[in-house]
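In: Based on what follows, work out the 3D shape:
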Amino acid sequence: MTHSPSPDFKILLVDDEQAWLRSVSLILARAGITNIATCTDSRGVMDILADGEVGLVLLDLTMPHLAGEELLATIAERHPEVTTIVVSGMNQLETAVRCMKLGAFDYFVKTVEEDRLVQGIVRAIRMHQLERENRVMSDRLLSRELRHPTAFSDIVTADPAMHAIFAYIEAVAQSPQPLLITGDSGVGKELVARAVHRLSGKGGPLVSVNVAGLDDNVFADTLFGHLRGSFTGADQARRGMVEEAAGGTLFLDEIGDLSIASQMKLLRLLQEGEYFPLGSDRPKRLSARIIVATHQNLSAKGAAGQFRRDLYYRLRTHRIKIPPLRERLGDIPLLVDHFLQKAAQELGKKKPTPPRELFQLLASYSFPGNIRELRSMIYDAVSVHRDRVLSLESFIAAIGSAATSGEGTQRLPGENIFRGMEKLPTITDTVEQLIAEAMDRADGNQTIAARLLGISQPALSKRLSRRET
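Out: Numbering: from 1, shown residues only. As a prediction, this is how the structure comes out:
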């Protein structure tokens with residue numbers, strides 16, 4: 001059975017039988033659903049709903065004073081945002097159909113098995129949460145205004161696609177459902193996870209775990225902890241990261257690297273909402289929001305049998321794909337200024353002035369390492385900086401090194417690029433192609449193109465003029 005953590009809205013149980021109210025409250029509490037209110041007089045329901053804290057009502061049909069069906073119709077009319085489940089002592093199809101037409105989400109007979117009742121309530125909770133998130137999301141995207149821009153202060157961007165992502169984050173940040181963050185290495189997935197946590201309203205901590213390279217036993221011990229003596233070397237009990245993140249957010253990075261066995265453990269945690277520390281037969285409840293991140297294509301891994309499809313669909317309830325830096329070229333000047341300021345402060349230097357050609361040079365590069373790579377370039381340049389204006393040399397060297405390291409190819413550094421060619425190009429053709437490629441990468445800037453080629457700008461200008469004649 002799939003359990004759900006207690007929602008952030010109240011569930012109102014309405015029945016004139018105190019025994020039934022106590023029984024259902026205990027059943028829901030065992031399933032981890034504790035945000036419950038009760039009412040024995042149907043005449044007081046509308047006053048309770050007026051407070052706006054109730055999201056789901058479990059309503060008995062046969063009550064004195066105000067009949068259940070009449071109350072159901074009134075709730076649907078005045079509080080359409082509230083989900084109502086009818087729980088009746090009568091097993092009558094006509095009554096059930098009538099209630100559904102009046103706006104009931106579901107209909108249960110009081111003698112139904114506990115599991116079926118809890119499953120129905122969990123479905124209603126999830127539907128209510130999704131509807132609310134969709135409303136919030138629509139409002140955010142239509143208004144195009146962020147309500148909490150300071151939550152994203154660590155992310156330097158003016159890119160419209162990134163601001164659309166921020167609006168989406170504001171809409172889903174308080175959802176209890178998992179969040180999947182995808183994007184190339186170095187795009188800032190952990191920064192996004194921090195922003196989500198800030199907006200979640202949770203008082204607990206953000207606990208980050210990189211799960212890449214963890215075998216199944218280490219993964220289980222890291223997440224769930226262990227009791228003393230549970231295995232050889234377990235001299236002391238240790239709390240797992242799930243417990244450390246209680247009341248907060250657990251961020252699992254590089255989730256695509258998990259083994260199938262570890263994937264199964266994570267799936268059970270999400271489905272059951274509980275876990276067992278190693279060596280324990282007493283379960284503990286999950287009270288943290290789960291955020292996962294990966295640079296891998298989980299859908300493709302699922303098709304190849306390397307990632308469980310049921311886990312992927314569980315994780316992708318809310319998804320964010322962060323665009324790579326090569327699709328956010330307008331952010332390069334902002335990021336350069338940001339990292340120049342930070343690097344100068346940390347290295348105890350005056351912030352240098354970047355040359356105009358720098359931005360053209362950087363815009364011509366694909367940045368396979370994304371923002372992390374740009375940051376490294378700038379820190380390296382500032383560390384060797386001497387004059388007022390920042391030198392281009394370290395950037396050209398870094399870009400040239402990335403090109404000769406065979407990014408996207410199998411060529412080794414220093415390997416003869418002509419080896420294996422059936423027919424060698426002429427020297428003239430080779431020079432022409434090199435110049436054309438350099439000018440293309442430099443976006444027509446001769447100074448940058450000349451530096452990429454390792455010749456002077458006048459020498460390049462002379463070769464270009466020969467081509468034109």
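In: Taking the centroid of the chain, which residue is nearest it?
Out: Residue closest to the average C-alpha location in the chain (Cα atoms, centre = their mean): Ile181, at 3.4 Å.
In: my guess is that one contacts His318, does it?
Out: No. Ile181 is beyond contact range of His318, at 9.5 Å (criterion: Cβ atoms under 8 Å). From N, CA and C alone the C-beta is placed, and that goes for glycine too.
In: which element follows the lowest-mean-pLDDT helix or strand in the chain toward the C-terminus?
Out: One helix or strand of the chain scores below all others by mean pLDDT, DSSP states H and E: helix 393-404, with a mean of 75. On the C-terminal side of helix 393-404, the nearest following helix or strand under DSSP states H and E is helix 427-441.
In: Next, the angle from whichever helix or strand comes after that following helix to helix 427-441.
Out: Where DSSP H and E defines the elements, the next helix or strand beyond helix 427-441 is helix 446-453. Computed with axes from the mean of the first three to the mean of the last three Cα atoms, to 10 degrees, the direction of helix 446-453 lies at 120 degrees from that of helix 427-441.
In: quick one: contacts of helix 446-453?
Out: With contact meaning Cβ atoms under 8 Å, 6 or more residues apart in numbering, helix 446-453 is reached by 357, 360-361, 364, 392-393, 396, 399-400, 434-435, 438-439, 441-442, 456-457, 459-461, 464.
In: what about Glu272, how many neighbours?
Out: 15 (other Cβ atoms under 10 Å).
In: before we move on, what SS does Ala293 have?
Out: strand (DSSP: H, G, I helix; E, B strand; the rest coil).
In: how about the strands of the stretch 51-200 of the chain, start to end?
Out: Applying DSSP state E, counting those that start in this stretch to the stretch 51-200 of the chain gives strands spanning 54-59, 83-88, 106-109, 179-182.
In: which helices and strands does the first one pack with?
Out: Counting contacts by 3 or more Cβ pairs under 8 Å, 6 or more residues apart in numbering; DSSP states H and E, the secondary-structure elements packed against strand 54-59 are strand 10-14, helix 45-49, helix 68-78, strand 83-88, helix 114-143.
In: so which of those gets nearest Leu26?
Out: Of all the helices and strands packed on strand 54-59, helix 114-143 sits nearest to Leu26, with 9.8 Å by Cβ to Cβ.
In: next one: that closest one to chain centre, how far?
Out: Relative to its chain's centre, helix 114-143 lies at 19 Å (Cα atoms, centre = their mean, to the nearest Å).
In: Give me the buried positions along that helix.
Out: Buried residues in helix 114-143, defined by neighbour count with 16 or more other Cβ atoms under 10 Å: 117-126, 128-129, 132-133, 136-137, 140.
In: Dump the strands of the stretch 51-200 of the chain to a markdown table, plus distance to Ile260 and mean pLDDT.
Out: Shown next, in a markdown table, are the strands of the stretch 51-200 of the chain (distance: least, Cβ to Cβ, whole Å; pLDDT from 0 to 100):
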| stretch | distance to Ile260 | mean pLDDT |
| --- | --- | --- |
| strand 54-59 | 36 | 92 |
| strand 83-88 | 37 | 90 |
| strand 106-109 | 35 | 90 |
| strand 179-182 | 18 | 96 |
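In: Looking at those, which is nearest to Asp154?
Out: Proximity to Asp154, assessed across those by Cβ to Cβ, is greatest for strand 179-182 (14.6 Å).
In: Which residues does that closest one contact?
Out: So strand 179-182 is contacted by 172, 189, 192-193, 196, 289-295, 298, 315-322 (Cβ under 8 Å, 6+ apart).
In: Swap in 7 Å and give it another go.
Out: 172, 189, 192-193, 196, 291-294, 315-316, 318-322 (Cβ atoms under 7 Å, 6 or more residues apart in numbering).
In: And it, what's buried?
Out: Buried positions in strand 179-182, judged by neighbour count with 16+ other Cβ under 10 Å: Leu179, Leu180, Ile181, Thr182.
In: Throw the residues you listed into a markdown table and include distance to Gln92, thanks.
Out: Shown next, in a markdown table, are the buried residues of strand 179-182 (distance: Cβ to Cβ, whole Å):
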| residue | distance to Gln92 |
| --- | --- |
| Leu179 | 43 |
| Leu180 | 44 |
| Ile181 | 49 |
| Thr182 | 49 |
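In: Tell me where the model's unsure across this structure.
Out: By pLDDT under 70, the weakly predicted segments of the chain are 1-5, 137-144, 401-417, 419-420, 467-469.
In: tell me the domain boundaries of it?
Out: Following automatic domain parsing, one finds the domains of the chain at 10-131, 144-323, 328-415, 419-469.
In: and the nearest residue to Leu227 once chain neighbours are set aside, how far is that from Leu66?
Out: Beyond its immediate neighbours in the sequence, the residue positioned closest to Leu227 (Cβ to Cβ, 6 or more residues apart in numbering) is Gly279, lying 3.9 Å away. Distance, Gly279 to Leu66, using Cβ to Cβ, to the nearest Å: 54 Å.
In: quick one: Val97 from Lys321, how far?
Out: Per Cβ to Cβ, Val97 is found 43 Å from Lys321.
In: Can you give me the neighbour number for the spatially closest residue to Ile435 that is not a sequence neighbour?
Out: Nearest non-adjacent residue to Ile435, counting by Cβ to Cβ, 6+ apart: Arg463, 6.1 Å away. Residues lying near Arg463 (other Cβ under 10 Å) number 16.
In: Distance of Arg463 relative to Ile396?
Out: Going from Arg463 to Ile396 by Cβ to Cβ gives 19 Å.
In: ok, now which ones touch Glu243?
Out: Contacts for Glu243 (Cβ under 7 Å, 6+ apart) come out as Gly225, Lys284.
In: Repeat that for the one 4 residues further on.
Out: Listed by Cβ under 7 Å, 6+ apart, the contact set of Gly247 reads Lys202, Gly203, Gly204, Ser287.
In: tally of neighbours for the spatially closest residue to it that is not a sequence neighbour?
Out: Once flanking residues are discounted, Gly247 sits nearest to Gly204: 3.0 Å by Cβ to Cβ, 6+ apart. By other Cβ under 10 Å, 17 other residues sit near Gly204.
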